[in-house]
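[1] sequence and predicted model, in that order:
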Amino acid sequence: MTRPAAAAATLVAVLAALGPALRSVGRPDRASARTGASGSVDGTVVRRGAIQAPSSPLNILSARFGQLDQDLVLSLRTSGRWRTSQLAAAGGRSLCLRILTHPAPGPGLELCVVPAGGGAQAATARLDARGRLGRLRPLPTATVRRPDARSLTLRVAAGDLGLAPGLLRWQLSTNWSRAGCGARSAGTCADLLPAAGVAFARLLAVRPVGCDSGRGGQFTNGSRRSRMVGLSFDDGPSTYTPRYLDVLEREGVRATFFQIGEQVAGTGALESRILRDGDEIGDHTFNHPDVSGGGAFAQDQLARTRAVIQRTSGYQPCLFRPPYGATSPALVSVARGLGLATIIWDVDPRDWSRPGTDAIYSRVTGMAQRGSVILMHDGGGPRDQTLAALPRIIDTLKARGYQLVPVSVLLGFPTRYGRR
Ligand code: ZN
């Protein structure tokens, strides 16, 4: 059903055209490219011949653009040293990546590096079908790193760029306006890579196929220095779950759903949506008994649930939540043997007892702090109160500067991706 990612939990498939553009356009799959050991394609484009802009430090000597999990990553090396603060589109100094879908001509975009608060950030502008560039808007979700004064790495979620899976064409352009390198001497301060034509990158549809809890163990919360808070919902999937997903999607936050195995069969579409939204699925036993005694009984409860989740969704959980929070060293050991970390919580509004929407809201927001794991429920009974409290809880925690994330993200457990 799904093919797990190859080496290093990544799925990189990039085609770079080193040769003439026409050949590449006609046969992108056979474009000149080196195949890496893992079966991925090395999408590095290296400058051939003399640099284009002798008076600019921004000649791109080599660049690599390709997919890493659900992100696109650009890394490049320039001929000279430069500071990000020296870039300013208005002043004629810029470093931008143009991305077009293939086969075009369709709309595309430009992804530029701009100075921001002493560092750098990415900004994007839409490119319409006639090649007109829209306004440059900051893209705070992208990360820009400068390993040294001649190098740059930019990572951005393909979804944040609005890019659908398929073949992409790309070209880097830089400009470094200065005295003696203005309009009159065009060509001495502007650089393109590839110098002629375009390079190709293939964006594959990937999806999470699991996560990795490392050595496992038991966790009540994440780091108290983190600005993140983990959001978790137990006892689903239920008829309420889609409405929870609507709220999370609208608010742009992600969460963990600890599911009861006997309720999972037949919920494939719902499970797919949970994963597509960037939410996470955890193991909450097969039929919700106290499994703190550990041993074969706990092993069976956890393993059956893990199996039905994997069969239904293609995702292998790495988190387990014991019903009633009833835990023991023996249970943690059983969970570890199945690749599952045991997740307790430090914020419990007791929403299952239906204390009222206001009580759920004030209990959660009253107790939540840096690194908290918040426990609420999307199943096990009427959940209208929790559902009603959820948007207010999210808004308040966001206003305090918290990022709301799935528990594996809070704990730093990596997600594994595979082909859709
Ligand atoms: Zn439960």
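    Structure received.
[2] how about the residues of the stretch 101-250 of the chain near the ion?
    Taking C-beta under 5 Å from the ion as the test, the list of the stretch 101-250 of the chain residues beside the ion reads 234-235. C-betas here are computed from N, CA, C, even on glycine.
[3] which residue ranges of the stretch 101-250 of the chain form strands?
    Using DSSP state E, counting those that start in this stretch, the strands of the stretch 101-250 of the chain run over residues 108-116, 119-127, 137-139, 143-145, 151-157, 166-176, 190-193, 199-203, 206-211, 218-219, 228-236.
[4] quick one: closest of those strands to Arg273.
    Closest approach to Arg273 among those (C-beta to C-beta): strand 206-211, 11.4 Å.
[5] mind showing which ranges of the chain have poor pLDDT?
    Within the chain, the ranges that satisfy pLDDT under 70 run 1-42, 89-90, 104-106, 179-188, 420.
[6] and Ala199, how far from the ion?
    51 Å (C-beta to the ion, to the nearest Å).
[7] Ala190 touches Gln52, doesn't it?
    Yes - in this structure, Ala190 is within contact of Gln52 by C-beta atoms under 8 Å, at 7.1 Å.
[8] export the strands of the stretch 101-250 of the chain to a markdown table and tack on mean neighbour count?
    Below are the strands of the stretch 101-250 of the chain laid out as a markdown table (neighbours: other C-beta atoms under 10 Å):
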| stretch | mean neighbour count |
| --- | --- |
| strand 108-116 | 20 |
| strand 119-127 | 19 |
| strand 137-139 | 14 |
| strand 143-145 | 15 |
| strand 151-157 | 18 |
| strand 166-176 | 21 |
| strand 190-193 | 20 |
| strand 199-203 | 24 |
| strand 206-211 | 23 |
| strand 218-219 | 19 |
| strand 228-236 | 26 |
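[9] between those, which one is closest to Ala341.
    strand 218-219 (6.2 Å).
[10] give the other helices and strands that the closest one contacts.
    strand 341-343 (3 or more C-beta pairs under 8 Å, 6 or more residues apart in numbering; DSSP states H and E).
[11] in its sheet, what does the strand it packs on sit against?
    Using DSSP bridges, strand 341-343 pairs in its sheet with strand 218-219 (parallel), strand 319-320 (parallel).
[12] wait, does that strand contact the ion?
    No - against the ion, strand 341-343 shows no contacts by C-beta under 5 Å from the ion, the least distance being 11.9 Å.
[13] report the buried residues of that strand.
    341-343 (16 or more other C-beta atoms under 10 Å).
[14] please apply the same query to stretch 406-420.
    Residues of stretch 406-420 classed as buried by neighbour count (16+ other C-beta under 10 Å): 406-411, 413, 415-418.
[15] widest-spaced pair of those?
    Leu410 and Gly418 (23.0 Å).
[16] list the buried residues of stretch 96-110.
    So for stretch 96-110, counting by 16+ other C-beta under 10 Å, buried means 96-102, 108-110.
[17] name the SS class of Ile51, please.
    coil (DSSP: H, G, I helix; E, B strand; the rest coil).
[18] and it, how far from Phe413?
    44 Å (C-beta to C-beta, to the nearest Å).
[19] now do Ser272: how many residues are near it, please.
    Residues within reach of Ser272, counting by other C-beta atoms under 10 Å, total 16.
[20] apart from its neighbours in sequence, what residue is nearest the residue of the stretch 301-420 of the chain found nearest the ion?
    Nearest residue of the stretch 301-420 of the chain to the ion, counting by C-beta to the ion: Pro323, 4.7 Å away. Closest residue in space to Pro323, ignoring its immediate chain neighbours: His288 at 4.8 Å, by C-beta to C-beta, 6 or more residues apart in numbering.
[21] please, which helix or strand holds the one you found?
    Following DSSP states H and E, there is no helix or strand that holds His288.
[22] could you check whether the longest helix along the chain is close to the ion?
    Using DSSP state H, we find that the single longest helix of the chain is helix 295-313. No - Helix 295-313 stays clear of the ion (C-beta under 5 Å from the ion), getting no nearer than 12.0 Å.
[23] which strands and helices lie in contact with that helix?
    helix 268-276, strand 280-283, helix 329-337.
[24] now do that helix against helix 329-337, angle only.
    40 degrees (axes from the mean of the first three to the mean of the last three C-alpha atoms, to 10 degrees).
[25] what does stretch 336-343 rub up against?
    Residues outside stretch 336-343 that contact it (C-beta atoms under 8 Å, 6 or more residues apart in numbering): 212-219, 232, 256, 258, 282-283, 299, 302-303, 306, 316-322, 327, 331-332, 335, 373, 407, 411, 413.
[26] and Ala359, helix, strand or coil?
    Assignment for Ala359 (three-state DSSP): helix.
[27] who touches it in this structure?
    Pro349.
[28] please apply the same query to Arg126.
    Arg126 touches 107-109, 133-134, counting by C-beta under 8 Å, 6+ apart.
[29] pick the one among these closest to the ion.
    Using C-beta to the ion, the contacts of Arg126 come closest to the ion at Leu109, 44.4 Å.
[30] any idea how far Phe297 is from Val291?
    7 Å.
[31] for Arg169, give me its contacts.
    Counted by C-beta under 8 Å, 6+ apart, Arg169 has contacts 99-102, 104, 198-200.
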